[in-house]
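[1] Here's a sequence, model it:
(one chain, ligands or ions: 1)
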Amino acid sequence: MSGETVLELDAVTKVYGEQPPVPALRGVSFSVGRGELVAIVGPSGSGKSTLLHVIGTLERPSSGVVRIGGADAARLTDRELSLLRAREIGFVFQQFFLAEHATVRENVADGLLYAGVRAAERYRLADEALERVGLSDRATFKPNKISGGQRQRVAIARALVGRPAIVLADEPTGNLDSTTGASIMALIHELNAAGSTIIMITHDAGLADQLPRRIRLLDGRVVSDTGDGERP
Ligand SMILES: Nc1ncnc2c1ncn2[C@@H]1O[C@H](COP(=O)(O)OP(=O)(O)OP(=O)(O)O)[C@@H](O)[C@H]1O
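    Next comes the predicted model:
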């Protein structure tokens, strides 16, 4: 059975600067189906962050096409693009990026600020997301009163709260010790098993090997992709 394509890249390039131009992506094509769990792996400078920014519509490609849920990102205005980003993409970063003055619950609810969801609904969905990451009992805490692993769970709940089509995780275990990192990886697997489509960037081949599909980048090109476009 072939499922729905949530992300499609076709011959995407990204060139930074002019003197000299730095080609960060040199014709990247692949697609991701709903429910996939994909690692994008490669050494430093291979283009992983650039690819994440392009997929996340934070940067426009120099050429090529990025389709999210069938919509060609290049055809959208900046305003439409921010709405698409707010509704369809959940970001998880290595450095959590939590608001320290706000509670855990507020941090998660704020993930819906730009998606046009009313406050009461934001908090209801935040509580639901916190339950999914096993942190309901920390909802009223401030981020500085919880552990690093719990902070990353908050960041993941924040990314999930709007039930985005794609969760993009950039080295989500990069700031954690190995045990805590393993528990975050277990959570990522759990969330994927529950239906989330997750694309994780890592330079760590060992971590990538734990994921069902690996797309390997080198010098801005895909050098291998263990998925063949078939949907799970
Ligand atoms: N804003 C920028 N301006 C100019 N060059 C850039 C910019 N961002 C990235 N690059 C260059 O593009 C190439 C790819 O960088 P990118 O950050 O995407 O790689 P990466 O695989 O994420 O590396 P790392 O694992 O070290 O974060 C590198 O040669 C980098 O120097």
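
[2] For this structure, what lies in contact range of the ligand?
    Within the chain, the positions lying close to the ligand (CB under 6 Å from any ligand atom) are 16-17, 22, 24, 42, 44-50, 203. Every C-beta, even on glycine, is put in place using the N, C-alpha and C of the backbone.

[3] give me the element residue 14 is part of.
    Assessed by DSSP states H and E, residue 14 sits inside strand 5-16.

[4] rewinding a little: buried ones among the residues of the chain next to the ligand?
    Neighbour-count burial (16 or more other CB atoms under 10 Å) applied to the residues of the chain next to the ligand gives 24, 42, 46, 47, 48, 49, 50, 203.

[5] In this model residue 25 seems to touch the fourth one, though I could be wrong.
    Spelled out, it's residue 47. Yes - using CB atoms under 8 Å, residue 47 is in contact with residue 25, at 5.1 Å.

[6] and for the two, which residues touch both?
    Common contacts of residue 47 and residue 25 (CB atoms under 8 Å, 6 or more residues apart in numbering): 14, 220.

[7] if we can go back for a sec, could you name the helices and strands sitting against the strand holding residue 14?
    Where contact means 3 or more CB pairs under 8 Å, 6 or more residues apart in numbering; DSSP states H and E, strand 5-16 is packed against strand 22-33, helix 48-55, strand 63-68.

[8] One more pass at 10 Å, please.
    strand 22-33, helix 48-55, strand 63-68, strand 166-170 (3 or more CB pairs under 10 Å, 6 or more residues apart in numbering; DSSP states H and E).

[9] Hmm, residue 87 is touching residue 113, no?
    No - between residue 87 and residue 113 there is no contact, the gap being 11.9 Å when judged by CB atoms under 10 Å.

[10] between these two, who's got more neighbours?
    In this view residue 87 and residue 113 are compared by other CB atoms under 10 Å, and residue 87 has more residues nearby, 18 against 11.

[11] can I assume the more buried one sits in a helix?
    Yes - Residue 87 forms part of a helix when assessed by DSSP: H, G, I helix; E, B strand; the rest coil.

[12] That's all I had, so thanks and see you.
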